[in-house]
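*Asks:* Below are the sequence and a predicted model; questions follow.
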Amino acid sequence: MADQWHDFIMTFLPLFIVIDAFGNLPFLIMAGQDMDRRQKGRMVNYAILTATLVGLVFLFLGQFILNVMGIEVQEFAVAGGIVLLILSIRYMITGHMVTVVKEEMVAVVPIGTPLTVGPATIATLLLLAGRFPLYMVLISFALNMAITWIIFFLSQKIARFMGQGGLTAISRVFSLLLAAIAVSMIIDGLKSLGVIGGAG
């Protein structure tokens, strides 16, 4: 049971950080400014459905591609960790992990993808699937999508409570934690490949 809780925490937290539901709230609120309550609800539903489908497709097909191409999980861990590190640094500097076209404020693109499930989330899913049981990654991803749906659905109330400064501060802290996780992935991958020595 202790091992299962450990696996859950180690799969849930990285996904929660990279999905960054709180960080996406300002964009979601801006997109729904001219919508009524029903339209906003439909926008949130479509966004979460899109993000979930994209994440699942890449989770399963991405691992298949690794196997077909003969790429070791440790090698991908190093490459993926570097990508996550770059994305987290980019976010801390610019406030955006990916470049989006602001005129395309619709549920599927860019709210569903790449804002909710984008390069960082896809890389994290693949890396976690190589290090932890697949069912645990699926549970953590599904729970994160449910939490993201709740956060998006309550976006107006959360925004009024926290303010723009609060949302920005939380998002920046999450990006810093993501950078730490990325460094850990790189070190673990290098140790597994024998590039650097282990702890013992």
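*Replies:* Perfect, thanks for sending it. This is a predicted model, so every value here is computed, not measured.

*Asks:* gap between whichever helix or strand R160 is part of and the chain center?
*Replies:* R160 belongs to helix 155-193 when assigned by DSSP states H and E. Offset of helix 155-193 from its chain centre (C-alpha atoms, centre = their mean, to the nearest Å): 9 Å.

*Asks:* Give the buried residues for it.
*Replies:* By neighbour count on 16 or more other C-beta atoms under 10 Å, the buried set for helix 155-193 is 155, 158-159, 167, 170-171, 174-175, 178-179, 181-182, 185-186, 188-190, 192. C-beta here means a position set from N, CA and C on the backbone, and glycine is covered the same way.

*Asks:* swap in stretch 69-81?
*Replies:* V73, Q74, F76, A77, V78, A79, G80, G81.

*Asks:* Name the nearest residue to the fifth one, sequence neighbours excluded.
*Replies:* Put plainly, it is V78. Distances taken as C-beta to C-beta, 6 or more residues apart in numbering put G189 closest to V78, at 3.9 Å, once the chain neighbours are dropped.

*Asks:* I figured the one you found hits I71, correct?
*Replies:* No: G189 is beyond contact range of I71, at 11.8 Å (criterion: C-beta atoms under 8 Å).

*Asks:* What segments of this protein are helices?
*Replies:* Assigned by DSSP state H, the chain shows helices spanning 2-19, 21-31, 37-69, 73-94, 119-131, 134-153, 155-193.

*Asks:* what's the neighbour count on T52?
*Replies:* 20 (other C-beta atoms under 10 Å).

*Asks:* got a list of what it touches?
*Replies:* T52 makes contacts with V117, F141, A142, M145, as judged by C-beta atoms under 8 Å, 6 or more residues apart in numbering.

*Asks:* Would you quantify the distance from M1 to F8?
*Replies:* Plainly put, M1 is 11 Å away from F8 if you go by C-beta to C-beta, to the nearest Å.
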